[in-house]
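Participant: sequence and predicted structure are below.
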Amino acid sequence: MLRSTLLVKTGHPICDISCGYKQAYEQFSMAVHEKYPEMPIEGSNYPADKWKEYLAHTINILKIAAIAMIITGRNPFLNIGLGEPAILLWAQSNKISACMMLFLLTNMVESTLMSTGAFEIYLDKEQIWSKLESGRVPSPQELIQVANFHC
């Protein structure tokens, strides 16, 4: 009985349908289950650099604060003697458009920061494929060949 576990780490969330990683993960899972039906397969996220995580988190907090500032109509710049920025005046007079634009743009930046481009495959603790090293995702047939070699 095979006791190895196949672990796939991607640079995008596994549940993110917009990138091709979920589809690749599902293809690999099916291919491995056909050859090794008893082998457990796990998916996880390949971690981004810590500084990128902190920056994405900071952007998220600033996004929420900016949206709250736009919706409430408050202007903290007046309290510190900086006047009213033209962009804030525009945003407060176009609340829905400004909030949607702010939300979409900051989410795009956060997603870019958290994306590593990784697609790493481990058999137990041994790495058997790295997109970061090879520059590409393996085909399901290549994955089976590599798994056969390591089993």
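Facilitator: Perfect, I can see it now.

Participant: just the helices in the protein please.
Facilitator: 21-35, 50-72, 76-79, 86-93, 95-114, 131-134, 140-150 (DSSP state H).

Participant: those helices: which one's closest to residue 44?
Facilitator: Closest approach to residue 44 among those (CB to CB): helix 21-35, 10.2 Å. The C-beta positions use only the backbone N, C-alpha and C, and glycine is treated the same way.

Participant: quick check: domain ranges of the chain?
Facilitator: Recorded structural domains for the chain (assignment: automatic domain parsing) are 6-47+116-150, 50-114.

Participant: can I get the ones you listed in CSV with mean pLDDT?
Facilitator: Compiled in CSV, the domains of the chain are given as follows (pLDDT from 0 to 100):
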stretch, mean pLDDT
domain 6-47+116-150, 74
domain 50-114, 93
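
Participant: deepest in the core, which of the ones you listed is it.
Facilitator: Of the domains of the chain, the one with the most neighbours on average (mean count of other CB atoms under 10 Å) is domain 6-47+116-150, at a mean of 16.

Participant: for it, what is the distance to the chain centroid?
Facilitator: In terms of CA atoms, centre = their mean, to the nearest Å, the centre of domain 6-47+116-150 is set 16 Å apart from its chain centre.

Participant: cool, and stretch 32-48?
Facilitator: On the basis of CA atoms, centre = their mean, stretch 32-48 sits 18 Å off its chain's mean C-alpha point.

Participant: do stretch 110-129 as well
Facilitator: 11 Å.

Participant: what's the span of it from first residue to last?
Facilitator: Its first and final residues considered, stretch 110-129 spans 27 Å by CA to CA, to the nearest Å.

Participant: and residue 113, what does it touch?
Facilitator: 48, 52, 53, 55, 56, 59 (CB atoms under 8 Å, 6 or more residues apart in numbering).

Participant: where's it relative to residue 146, distance?
Facilitator: 31 Å (CB to CB, to the nearest Å).

Participant: ditto for residue 27
Facilitator: Applying CB to CB, the value for residue 27 to residue 146 is 15 Å.
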